[in-house]
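Student: build me a model from this:
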Amino acid sequence: MDAFVSKVTSRGQVTLPQKLRDEEGITGDDYVVMRRIGRYIVLGKAELGLDEITAEFSKQAGKSGLMRKALLSELNLVRSKAKG
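Tutor: This is a model prediction of the structure:
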């Protein structure tokens, strides 16, 4: 396992070494997630898949009492207004 060292700037920024970005497929438009594990901070590419988004939306919709039929009705209303 490779070890990488980067300096933290006065603004709290850290540069990820190019080799590490290449190996992990991290580009300038990606987000990373940081987790504390004991005394260490573990960093990884943040990947939020469609299944996770759908599950979270369903959870929040259920909490607010939003029903599928009402949501589709509102969506159709917004679409018809957008058309003109």
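Student: so what touches the lowest-mean-pLDDT helix or strand in the chain?
Tutor: The helix or strand of the chain with the lowest confidence, counting by mean pLDDT, DSSP states H and E, is helix 50-64 at a mean of 78. Helix 50-64 has contacts (CB atoms under 8 Å, 6 or more residues apart in numbering) with L71. In short, each C-beta sits where N, CA and C put it, glycine included.
Student: so after that helix, what's the next helix or strand?
Tutor: Note on helix 50-64: by DSSP states H and E, the next helix or strand toward the C-terminus is helix 68-83.
Student: alpha carbons of that next one, in PDB - could you do that?
Tutor: Only the C-alpha atoms of helix 68-83 are listed here, as PDB (Å, rounded to 0.1, in the frame of the first residue of the first chain):
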ATOM      1  CA  ARG A  68     -46.900   9.400  -5.400                       C
ATOM      2  CA  LYS A  69     -50.200  10.500  -7.000                       C
ATOM      3  CA  ALA A  70     -49.900  14.000  -5.600                       C
ATOM      4  CA  LEU A  71     -46.300  14.300  -6.700                       C
ATOM      5  CA  LEU A  72     -47.100  13.200 -10.300                       C
ATOM      6  CA  SER A  73     -50.000  15.600 -10.400                       C
ATOM      7  CA  GLU A  74     -47.800  18.500  -9.300                       C
ATOM      8  CA  LEU A  75     -45.100  17.500 -11.800                       C
ATOM      9  CA  ASN A  76     -47.700  17.500 -14.600                       C
ATOM     10  CA  LEU A  77     -48.900  21.000 -13.500                       C
ATOM     11  CA  VAL A  78     -45.300  22.400 -13.600                       C
ATOM     12  CA  ARG A  79     -44.700  20.800 -17.000                       C
ATOM     13  CA  SER A  80     -47.800  22.300 -18.500                       C
ATOM     14  CA  LYS A  81     -46.900  25.800 -17.100                       C
ATOM     15  CA  ALA A  82     -43.400  25.500 -18.500                       C
ATOM     16  CA  LYS A  83     -44.800  24.700 -22.000                       C
END
